[in-house]
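# Predicted model follows, preceded by the sequence.
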Amino acid sequence: MSNIIDGRSLAKKVNQETADMVSELNEQGKNPCLAVIIVGDDQASHRYVRSKHKKAQQLGIKSIVKALPAETTEDELLNILNDYNHDDDIDAILIQSPLPKHINEKYVMSQINPDKDVDGFQVINSGKLFLNEQSNYPVACTPKGVMTMFEEYGIDLKGKKAVVIGRSTIVGRPMAALLINAGAEVTVLNHYANIKEYTLDADIIVSATGKVNTVTESDVKDGVVVIDVGQNVNDEGKLVGDVDYDGIAKKASYITPVPGGVGPMTIATLMRQTVELSKWSDING
């Protein structure tokens, strides 16, 4: 039976470290601030924003939520973003995805001040990640949280064969870059691939497809490390990941559950990165 990577427990540890960092900044007369902009009435997005707002307040982070109607124009959104970009009291900016279809989401995201890009999606920060720039910059929160898991559980990545399933800009691509930067040999797969050809030989598998049973017990070798980023609802209405947890857990050395694995670490990482941006703003001037 595999070791379960407890994302909830680790998130509590990270959150405590974040709260301590906030206290240190408060003593210096600074209060880290996260500003979230949400456009439209997508209920899942609103729930997610509420959870971010609540967690920020719990940790002592000032939280601003700007909720805009679905008919908000792109220019109106950009004007608000521009104000936030130049507001010295705001350290971190997040634009909740998805945006309404009449707004060019990719363009709007590119206009976030790179020094306040808490999600790490801005093109300059993405470029720094892929170039393995040795400086302070934000990284996509879910992959960064996964790297914290590897570190916490002493999972060595150097020379390991890693397979990342899914190539989104939110998870798959930045995850691959982080693994490459850590010394792993990385293969990135999309839905066209014969997954088993690659996963059977993999030491580490990260699945982020949003599809139930993307990886099953017969697809993996003994001792594999499996990180399940997926969040899906099965036929019984139960929240599950991408991988066959019960089957793979018999063979894996480490595995993340769903729920309670990667999910809690994403928000914990977002909060920590907000505070890091506040600290870095003093260093970077």
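Nice, I can see it.
# Show me the domain layout of this structure.
Domain assignment of the chain by automatic domain parsing yields the ranges 29-115, 141-263.
# Now Ile227. Nearest residue, chain neighbours left out?
Closest residue to Ile227 apart from its sequence neighbours, by CB to CB, 6 or more residues apart in numbering: Val206 at 4.4 Å. In short, each C-beta sits where N, CA and C put it, glycine included.
# hmm, back to that, pick the most buried one from the domains of the chain.
Among the domains of the chain, ranked by average contacts under mean count of other CB atoms under 10 Å, first place goes to domain 141-263 (a mean of 19).
# got a list of contacts for stretch 195-204?
155, 157, 160-163, 165, 179, 184, 187, 189, 205, 214-215, 218-221, 223-227 (CB atoms under 8 Å, 6 or more residues apart in numbering).
# my bad, stretch 14-26
31-32, 55, 58-61, 148, 265, 268-269, 271-272, 275-276, 278-279.
# Need the mean per-residue confidence for that stretch.
Computed over stretch 14-26, the mean pLDDT rounds to 98.
# coming back round to it: roughly how far out does the helix or strand harbouring the residue nearest to Ile227 sit from the chain middle?
Using DSSP states H and E, Val206 sits within strand 204-207. Strand 204-207 sits 15 Å away from the centroid of its parent chain (CA atoms, centre = their mean, to the nearest Å).
# and what of stretch 120-136?
The answer for stretch 120-136 is 15 Å, by CA atoms, centre = their mean.
# Quick check: end-to-end length of it?
11 Å (CA to CA, to the nearest Å).
# In that stretch, which of the residues would be classed as buried?
Buried positions in stretch 120-136, judged by neighbour count with 16 or more other CB atoms under 10 Å: Gly120, Phe121, Gln122, Asn125, Ser126, Lys128, Leu129.
# could you pull out the helices for the chain?
With helices called from DSSP state H, the chain shows them at 7-27, 43-58, 74-85, 105-110, 123-130, 141-152, 172-181, 195-199, 245-248, 262-284.
# tell me the mean pLDDT for the longest one?
Computed over helix 262-284, the mean pLDDT rounds to 93.
# helices and strands of the protein: which one bottoms out on pLDDT?
strand 232-233 (a mean of 90; mean pLDDT, DSSP states H and E).
# Spatially nearest residue to Thr266, not counting backbone neighbours?
Thr142 is the one closest to Thr266 (CB to CB, 6+ apart), at 4.7 Å.
# For Thr169, see how far away that neighbour is.
Noted for Thr142: a distance of 11 Å to Thr169, by CB to CB, to the nearest Å.
# Please apply the same query to Gly7.
Taking CB to CB, one finds Gly7 at 22 Å from Thr169.
# Name the surrounding residues that touch stretch 164-180.
120-121, 126, 129-130, 132, 139-140, 142-144, 146-147, 157, 162, 186-190, 195, 199, 204-210, 214-215, 229, 242.
# end to end, how far does it reach?
Terminal-residue distance, stretch 164-180 (CA to CA): 11 Å.
# sorry, back to before: what lines up beside the strand holding Val206 in the sheet?
strand 161-165 (parallel), strand 225-228 (parallel) (DSSP bridges).
# can you pull the contacts of the most centrally placed residue in the chain?
The chain has Thr142 as the residue nearest its centroid, 1.9 Å off, counting by CA atoms, centre = their mean. With contact set as CB under 8 Å, 6+ apart, Thr142 has these partners: Ile170, Val171, Met175, Ala208, Val229, Val262, Met265, Thr266, Thr269.
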